[in-house]
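> below: sequence and its predicted model.
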Amino acid sequence: EGGYEAFAIQEKWQARWAEADPFRAGGQDDTRPRKYVLGMFPYPSGDLHMGHAESYAYVDVVARFWRHRGYNVLNPIGWDSFGLPAENAAIQRGADPREWTYANIEQHKKSFRQYGSSYDWSRILHTSDPEYYRWNQWLFQRLFERGLAYRKESPVNWCPNDQTVLANEQVVDGHCERCGAEVVKKKLTQWYFKITDYADRLLDDLNQLEGFWPQKVIRMQRNWIGRSVGADIDFEIEGRDEKVTVFSTRPDTLHGATFMVVAPDSDLAAELAAGSSAEVRMRFQDYLERVQRETDIERQSTDRPKTGVFLDRFAINPINGERLPIWAADYVLADYGHGAVMAVPAHDQRDLDFARAFDLPVKVVVDTTAPITGAIPVIELDDEGVPIDPGAGDSLSDLDPARTGVALTGDGRLINSASLDGLSKRNAIARIIEELTAAGTGRAAKSYRLRDWLISRQRFWGTPIPMIHTQDGRIVPVPEEQLPLELPDARGLDLAPKGTSPLGGAREWMQTVDPETGEPALRDPDTMDTFVDSSWYFLRFLAANDPTQAFPSREADRWAPVDSYIGGVEHAILHLLYARFITKVLFDMGLIDFTEPFSSLINQGMVLLGGSKMSKSKGNLVEFAASMVDPGADASRVAIVFAGPVEDDINWEDVSTTGAQKFLARAWRVAKDVTSAPDVVWAEGDASLRRITHRLLADAPGLVEQTKFNVVVARLMELVNATRKAIDTGAGPADPAVREAAEATAMILDLFAPHTAEEMWEILGYEGFVGVVPWRNPDPTLLVEESVTAVVQIDGKVRATLTVPARIDATELEKLARADERVTRSLAGREITRAVVRPPKVVSFSTH
Ligand code: ANZ
């Protein structure tokens, strides 16, 4: 349609917003309730594309919505600007990572302004600014004081491509989360944050997020933390003073233990082998070398043949004094539990596979055919969904695991277990823990999959670790008045990855003094994982320019936690777990009064082109910046939001930007055509158009809160079409209902196409910004639904009639019918065996 100049409208309103700054969050004197809306901050790479456009469109929908609903909204933007891509790009170009980073940030800022995002631009932060990262250093030192930051030597994940260590969370299926290279193990001394101290709270507090975070993310975090509940049991070892402790989730099966297995790469295994014959030592060495070449994934895979070495050493079962041969085998991992297990082949599949491979005894101690009264039957399923628990009807002798090769993992009654005989699994676990505790040979225990967070990196472009290594071997914090400890100039430094931090090559920078003795000392050459930067940035926005503190607690109490956090599901564990951890630490320090950082989380799907995720490396990218010119910011946003539910992936090929352009032109034209004055009474005019307008005013808030943004756009399209019809063939352009519809359209359209909405608002005769006008309350008299009469039949006879809404659904109608007093009276206690429901008019119950 002629006349609608998308690009000119866009530029006009951006200039006005830049001048008036209408989206700055209200200060302390602002008495409106608050909402903190935040999009996961971008990494300043050079390839902003439609995937980013999607995420930031949703952020703006939510921020604008709460403003219309009368809230004081904080919606800030910043950049996660340390990290490897900048460093790698700089190495390729022989440039300074700083220059590459800040040039990209400038480009991003321009794009976000062109997109019409309603940010509070006064709070911008970049994590690579010394004003920001000095507070990372402050945080590190606080964790250090609390014993939550420590150094240890252990086998770590090493990315041979990026030449740096990685946290467990950054290893995906054995590969580097960032570059895809296969990760290897290397023994190194590194800095860790003690996230494992918080494992229980990180797990238990997920319950609070139930219903507010996507189920999938909650499940992934639960699995990642991986808490198992059971017992630690101490075994004496012949010829060794100290006992060996094993962790078991099935201490009830202790009588069925027939051997012990230790992780070949544990200190314990080496020690046990060392105390054995020369031949055993040799065989163990060979085996160990072989195991060290295996990945954790290989070791945990259940379908490969079991391997191991008998160490010719023996453990004593604390419950019955039996001698158990000790083996080293790769299916036991050194860093889980205690790196040793009591093997119960009858009831554990891995142990059974091993026992069958090496001809070790199998002793059944749980009769899984015995019924457990009062227990809810649990049917375990294998990967294909087939029940693995041998069903009732079989007798125990038919199920002998030694013969069938299938371990009996189900519930049942204990046998061959002395005092435990006859008990169910659950009761037997409780009893054995009591007995072991009384004897001092065991205790209730938990085990976690979660490991401490390895935070040091051997790369340049990150926060320097604020610690000093003294000549006499102490490690002490850089004195606080010397913070920020700034990065040295990158020029003249060799940034090429070589396995040690480039900062080590900055001779002068490395030299410092021991703050206690004044003797020469060295700095720590490593930098922090950038996930440290992003673990608390949402708090820095509360006073992004405050040089005196990381964040003011008073502002945190006012604004945080974040009400709506929006971003990609790729952060389900990494960033979101770290931010939750640091939040709890800050709570324990008394700096904030909440324990979860993000009250609700929205994960958007991906934007695909040619079936795969847009990316520069794949060359399938529609550039964010280019989309601002064609089809324009508003049309891009509308097309993306309309393309489907928030959490679904979008195929860019299926997205209709022309459809969005046409819709926006139609909406604009409606505003143009309105001929009544702004002071028209909102209570008159075409009743059917009014009903459509008011239904949308009533429904849109709920739809937005349920993130059904695409439905709101569809309903807006309906409203624009209905208004067009009223103008052309109905009440005409002067009808008050037409103005009312056009105004409501502008106000709601602001969530998706703010430039067009502002333009409409101006055309409709208003001065201020539509972006800040309060939501119009729907007129309840226009929302009354039509009602109809429904009949309820029982066994073919009409027993009751009900007055119900015309749009009632089957479930609701059946519920009303069942609850009706005449119906219950006619049933006289008989049971309904069949219900046929045809909304809105018929419910038919049968009782036989
Ligand atoms: C005896 C037993 C009998 C076990 C039985 C299971 C079933 P989750 O649930 O993953 O925590 N285990 C303990 N430490 C291990 C390690 N470092 N590497 C490999 N396996 C290890 O598993 C806990 C169970 O895994 C423990 O309970 C132990 O085997 C084994 F019928 O102890 B069980």
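Now that the structure is in, tell me what you want to look at.

> in which helix or strand would I find D232?
According to DSSP states H and E, D232 maps onto strand 227-237.

> hmm, that strand in reach of the ligand?
Yes: using Cβ under 6 Å from any ligand atom, we find that strand 227-237 touches the ligand at S228. Where you see a C-beta, it was placed from the backbone N, CA and C, and this is true even at glycine.

> for that strand, packing partners?
Packing partners of strand 227-237 (3 or more Cβ pairs under 8 Å, 6 or more residues apart in numbering; DSSP states H and E): helix 199-204, strand 244-248, strand 308-316, helix 425-439, strand 442-448.

> now the ones you listed in TSV, with distance to the ligand, mean pLDDT and mean neighbour count?
Shown next, in TSV, are the helices and strands packed on strand 227-237 (distance: least, Cβ to the nearest ligand atom, whole Å; pLDDT from 0 to 100; neighbours: other Cβ atoms under 10 Å):
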stretch	distance to the ligand	mean pLDDT	mean neighbour count
helix 199-204	13	98	16
strand 244-248	3	98	22
strand 308-316	12	98	21
helix 425-439	10	97	17
strand 442-448	5	97	17
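
> a markdown table for those, including distance to N157?
Below are the helices and strands packed on strand 227-237 laid out as a markdown table (distance: least, Cβ to Cβ, whole Å):
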| stretch | distance to N157 |
| --- | --- |
| helix 199-204 | 20 |
| strand 244-248 | 23 |
| strand 308-316 | 25 |
| helix 425-439 | 35 |
| strand 442-448 | 18 |
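
> which of these sits closest to G275?
strand 308-316 (6.8 Å; Cβ to Cβ).

> which neighbours does that closest one have in its sheet, and in what orientation?
Strand pairing for strand 308-316, using DSSP bridges, gives strand 227-237 (antiparallel), strand 323-329 (antiparallel).

> now the angle from it to strand 244-248?
100 degrees (axes from the mean of the first three to the mean of the last three Cα atoms, to 10 degrees).

> other residues contacting strand 308-316?
235-240, 244, 260-262, 264, 269, 272-273, 275-277, 280, 283-284, 287, 322-330, 354, 358 (Cβ atoms under 8 Å, 6 or more residues apart in numbering).

> buried ones among these?
Burial by neighbour count, judged by 16 or more other Cβ atoms under 10 Å, picks out 235-237, 244, 260-262, 264, 269, 272-273, 275-276, 280, 283-284, 287, 324-330, 354, 358 from the contacts of strand 308-316.

> go ahead and confirm K216 touches I573.
No: with contact defined as Cβ atoms under 8 Å, K216 does not reach I573; the gap is 11.1 Å.

> of the two, give the one with the bigger neighbour count.
Applying other Cβ atoms under 10 Å to K216 and I573 shows that I573 carries more neighbours, namely 18 against 12.

> shouldn't D593 be within a helix?
No: assigned with DSSP: H, G, I helix; E, B strand; the rest coil, D593 falls outside any helix and is coil.

> can you tell me how far it sits from V843?
For D593, the distance to V843 (Cβ to Cβ, to the nearest Å) stands at 52 Å.

> among the two, which residue is more densely surrounded?
Legend: neighbour count by other Cβ under 10 Å for D593 and V843, higher for V843 (26 against 11).

> tell me if that one really is in a helix.
No: under three-state DSSP, V843 sits outside any helix and is assigned strand.

> A273 and Y287 touch, don't they?
No: the criterion here is Cβ under 8 Å, and A273 misses it with Y287 at 9.4 Å.

> quick check: residues of this protein near the ligand?
Residues of the chain lying near the ligand (Cβ under 6 Å from any ligand atom): 228, 247-250, 253, 263, 332-333, 336-337, 339, 341-342, 344, 347-348, 447.

> just the buried residues of the residues you listed.
The neighbour-count test (16+ other Cβ under 10 Å) marks 247-250, 253, 263, 332, 336-337, 339, 341-342, 344, 347-348, 447 as buried among those.

> right, and L608 touches N651 too?
Yes: taking contacts as Cβ under 8 Å, L608 lies within contact range of N651: 5.2 Å.

> which one's more surrounded, the two?
L608 (18 against 15).

> show the subsequent helix or strand relative to the helix or strand that contains that one.
For L608, the host element (DSSP H and E) is strand 607-609. Using DSSP H and E, the next helix or strand after strand 607-609 towards the C-terminus is strand 612-613.

> touching that following strand from outside, list them.
51, 606-607, 618, 620.

> just name the closest of those to the ligand, please.
M606 (31.8 Å; Cβ to the nearest ligand atom).

> from what I see, the closest one and N651 are in contact.
No: in this structure M606 lies outside contact range of N651 using Cβ under 8 Å: 9.9 Å.

> now do the helices in the stretch 501-650 of the chain.
Using DSSP state H, counting those that start in this stretch, the helices of the stretch 501-650 of the chain run over 507-510, 530-533, 537-540, 553-559, 574-588, 624-627, 633-642.

> contact partners of the last one?
Think helix 633-642. For helix 633-642, contacts defined as Cβ under 8 Å, 6+ apart pick out 6, 9-10, 50, 53-54, 57-58, 60-61, 114-116, 607, 627-628, 631, 650, 655-657, 659-661, 663-664, 709-710, 713-714, 752-756.

> of those residues, grab the buried ones for ChimeraX.
Selecting the buried subset of those in ChimeraX, with 16+ other Cβ under 10 Å as the burial test, is done by:
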select :6,9,10,50,53,54,57,58,60,61,114,115,116,607,627,628,631,650,655,657,660,661,663,664,709,710,713,752,753,754,755,756
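
> for the residue in the stretch 551-700 of the chain that the ligand sits nearest to, which non-adjacent residue is spatially closest?
Residue of the stretch 551-700 of the chain nearest the ligand, by Cβ to the nearest ligand atom: I573 (17.8 Å). Distances taken as Cβ to Cβ, 6 or more residues apart in numbering place W224 nearest to I573, at 5.0 Å, with adjacent residues excluded.

> just give the number of residues close to that neighbour.
Other residues lying near W224 total 18 when counted by other Cβ under 10 Å.

> need the contact list for it.
Applying Cβ under 8 Å, 6+ apart, the residues near W224 are 169, 449-450, 573, 577.

> who's in contact with the strand or helix carrying V73?
Element membership for V73, per DSSP H and E: strand 72-74. By Cβ under 8 Å, 6+ apart, the residues outside strand 72-74 that reach it are 23, 25-26, 30, 32-37, 63, 66-67, 120, 541-542, 559.

> any low-confidence regions in the chain?
Along the chain, the model assigns pLDDT under 70 to residues 1-2, 373-380, 387-393.

> just want the most central residue of it.
Centroid check for the chain by Cα atoms, centre = their mean gives A572 as the closest residue, at 2.4 Å.

> help me confirm that that residue comes into contact with K216.
Yes: the criterion here is Cβ under 8 Å, and A572 meets it with K216 at 7.1 Å.

> overlap in contacts, the two.
Residues within reach of A572 and of K216 at once, by Cβ under 8 Å, 6+ apart, are N603.

> among the contacts of strand 612-613, which one has the most neighbours?
Counting neighbours by other Cβ under 10 Å, the top entry in these is G51, with 25 neighbours.

> what packs against the helix ranked longest in the chain?
Identified as the longest helix of the chain according to DSSP state H is helix 709-729. Contact here means 3+ Cβ pairs under 8 Å, 6+ apart; on that basis helix 709-729 packs against helix 633-642, helix 657-673, helix 687-705, helix 736-749.
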